[in-house]
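> show me how the following folds:
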Amino acid sequence: MTKANKSINIFVDVDDTFVRSYGMKRIPITASINHLKNIKKEGAILYCWSTGGADYARQSAEEFGIANLFTAFLPKPQIMIDDQSIQNWKKLIQVHPLSCSNKTLENYQSELAACRRIPLKSLFCITVMIIVKAIIINELVD
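Numbers count the residues shown, from 1 in each chain. So this is what the prediction gives:
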């Protein structure tokens, strides 16, 4: 990892990001999994989260052999206590899993450097965020 590629925190959803479910069958989304492996090698700090909860996120990552890529497993937030509205966060981008296969950590770093204020409408894909450390620490301690 170079100084230009300063590590960034990337929050990765489970369903329809690295696994697709058809009935009872769960199918890996290979392009997303390969992308996660690549950006991890480049120095990304990855967190896996899901509305299904931290245990579901961990079990899903283990099922597809990628649990070692993640620093922690978290439930997706339902309430965030922060002094700024998420729409006003200065360093936040959202990337749809179908558009990420050719991106590098350097691409993300450039996008973050260029962004000032990007509205956030949903978090169903790979989400790049610099988040309030207290929230993460609280989840890791529990």
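
> just checking, what packs against the longest helix seen in the chain?
Counting by DSSP state H, the longest helix found in the chain is helix 30-41. Using 3 or more CB pairs under 8 Å, 6 or more residues apart in numbering; DSSP states H and E, the elements in contact with helix 30-41 are strand 45-50. The way it works is simple: take the backbone N, C-alpha and C, and place the C-beta from them, glycine included.

> heading C-terminal from the strand it packs on, find the next helix or strand.
Next helix or strand after strand 45-50 toward the C-terminus (DSSP states H and E): helix 54-63.

> now do that following helix against helix 30-41, angle only.
Counting by axes from the mean of the first three to the mean of the last three CA atoms, to 10 degrees, helix 54-63 lies at 100 degrees to helix 30-41.

> can you pull out the low-pLDDT segments for the protein?
Counting by pLDDT under 70, the ranges of the chain that qualify are 1-6, 116-142.

> and the strands in it?
9-12, 19-22, 25-28, 45-50, 70-75, 92-95, 126-129 (DSSP state E).

> need these in JSON lines with distance to Glu111 and mean neighbour count, can you?
What follows is these, written out as JSON lines (distance: least, CB to CB, whole Å; neighbours: other CB atoms under 10 Å):
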{"stretch": "strand 9-12", "distance to Glu111": "12", "mean neighbour count": "22"}
{"stretch": "strand 19-22", "distance to Glu111": "25", "mean neighbour count": "12"}
{"stretch": "strand 25-28", "distance to Glu111": "26", "mean neighbour count": "12"}
{"stretch": "strand 45-50", "distance to Glu111": "17", "mean neighbour count": "21"}
{"stretch": "strand 70-75", "distance to Glu111": "21", "mean neighbour count": "19"}
{"stretch": "strand 92-95", "distance to Glu111": "5", "mean neighbour count": "17"}
{"stretch": "strand 126-129", "distance to Glu111": "8", "mean neighbour count": "23"}
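
> format those strands as CSV; extra columns: distance to Tyr56.
Formatted as CSV, the strands of the chain follow (distance: least, CB to CB, whole Å):
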stretch, distance to Tyr56
strand 9-12, 13
strand 19-22, 11
strand 25-28, 12
strand 45-50, 5
strand 70-75, 8
strand 92-95, 22
strand 126-129, 17
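
> so for Gln109, which of those sits nearest?
Distance to Gln109, taken as CB to CB, is lowest for strand 126-129 among the strands of the chain, at 9.4 Å.
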